[in-house]
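Peer 1: Fold the stuff below for me.
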Amino acid sequence: MGFFSALSFLTILSVGRKRLEHSSHSALFFPLIGLLIGALCYAVDQFASHYLFPEVRALLVVFFLTLISGGLHLDGLADSADGLLSHRNRDEMLSIMRDPRIGTMGMLALIFCLTFKWMALIALSSTGSGVWIVAAPAIARTALVAGLVTYPHARPQGGTHSTFYQQGKWSLLALAWIPFVISFTQHWLAGLSAIILFFSLFIMFNRYVIIKLGGITGDTLGALCEIMETAMLLLGALVLAKGI
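Peer 2: Residues are numbered from 1 along each chain as shown. Presented below is the predicted three-dimensional model:
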């Protein structure tokens, strides 16, 4: 039940959303859902590479990544950019992040995020690129569960999916190691680089959010997911360019 609850939350695949709020263990399966998304992206990439130019192929993969999640994390990225970069006080930032309208900072964040993904995927067209196309979404979803068990919620009253917040419940990280194993299949240095990048981004971004808001929100987790996914794709492009 937890797996399907996580699947219905992180993807547009319909498996009965009524079960979503009743499974506090769903976050355990986030890394596996990320692997599934990565595997589907790889399938799309392989299919498109036979029929499309590299730039269009990469754009199609970016489109699929957006489609499969229903734009959930991109929405969080836009809301977080609008709120955190507004130079307002904490309560006003949280209010801005609840506003469904998108501002200048949110739009810029989306443009840069999607462009960086597109450019990274253009570069990820050689042998070994599949490792990163699969690993990046999985590692990004691992960042979600790591955030949920590590940091407090900025809104004491909770949010729409407050049952996911399980601060201190470290057992939910039991599957978090799996996505990183994939990066090690490229090269031990590639795997180590992925781990270092993951912890660096995870700590720095969440530290910034804690300073601004006093805790994390669903929007900031979504932003972290998008930033992490983009960073891992860029890392993969760099690794392949350096011949590691």
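Peer 1: Report how many residues lie close to the closest residue to residue 80 other than its chain neighbours.
Peer 2: Take residue 80 and drop its neighbours on the chain: the residue closest to it by CB to CB, 6 or more residues apart in numbering is residue 223, 3.9 Å away. Where C-beta positions appear, they are placed from N, C-alpha and C, glycine not excepted. For residue 223, the count of nearby residues is 28 (other CB atoms under 10 Å).
Peer 1: Can you give me every residue that contacts the closest residue to residue 152 other than its chain neighbours?
Peer 2: Of all residues not flanking residue 152 in the chain, residue 215 sits nearest, at 4.3 Å (CB to CB, 6+ apart). Listed by CB atoms under 8 Å, 6 or more residues apart in numbering, the contact set of residue 215 reads 151-155, 209.
Peer 1: Figure out the helix or strand that residue 197 lives in.
Peer 2: helix 188-213 (DSSP states H and E).
Peer 1: wait, residue 145
Peer 2: In this assignment (DSSP H and E), residue 145 forms part of helix 129-150.
Peer 1: Quick check, residue 105 in contact with residue 82.
Peer 2: Yes. If you go by CB atoms under 8 Å, residue 105 and residue 82 touch, sitting 5.1 Å apart.
Peer 1: okay, who's weakest in the contacts of residue 215 by pLDDT?
Peer 2: When the contacts of residue 215 are compared on pLDDT, residue 155 comes out lowest, with 75.
Peer 1: Counting neighbours, what do you get for that residue?
Peer 2: If you count neighbours by other CB under 10 Å, residue 155 ends up with 18.
Peer 1: Assumed it was part of a helix.
Peer 2: No. Per DSSP: H, G, I helix; E, B strand; the rest coil, residue 155 lies outside any helix segment and is coil.
Peer 1: sec struct for residue 127, please.
Peer 2: coil.
Peer 1: Quick check: it vs residue 40, distance?
Peer 2: To residue 40, residue 127 is 21 Å away according to CB to CB, to the nearest Å.
Peer 1: what about those two, which has more around it?
Peer 2: Using other CB under 10 Å, the more surrounded residue of residue 127 and residue 40 is residue 40, with 18 against 7.
Peer 1: quick one: the more buried one and residue 64 touch, right?
Peer 2: Yes. Shown here, residue 40 and residue 64 form a contact pair, counting by CB under 8 Å, at 7.2 Å.
Peer 1: per-residue confidence for residue 208?
Peer 2: On pLDDT, residue 208 comes in at 97.
Peer 1: what's the closest non-adjacent residue to it?
Peer 2: Among residues not flanking residue 208 along the chain, residue 84 sits closest, at 7.5 Å (CB to CB, 6+ apart).
Peer 1: ok, the one you found to residue 210 distance?
Peer 2: Residue 84 is 11 Å from residue 210, by CB to CB.
Peer 1: just to revisit the earlier point, would you put the C-alpha positions of the helix or strand following the helix holding residue 145 in PDB?
Peer 2: Along the chain past helix 129-150, the next helix or strand (assigned with DSSP H and E) turns out to be helix 178-184. What follows is helix 178-184, C-alpha atoms only, in PDB (Å, rounded to 0.1, in the frame of the first residue of the first chain):
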ATOM      1  CA  ILE A 178      20.000   2.100  -3.800                       C
ATOM      2  CA  PRO A 179      20.100   5.100  -6.300                       C
ATOM      3  CA  PHE A 180      23.700   5.800  -5.500                       C
ATOM      4  CA  VAL A 181      24.700   2.300  -6.400                       C
ATOM      5  CA  ILE A 182      23.800   3.000 -10.000                       C
ATOM      6  CA  SER A 183      26.200   5.900 -10.200                       C
ATOM      7  CA  PHE A 184      29.000   3.700  -8.900                       C
END
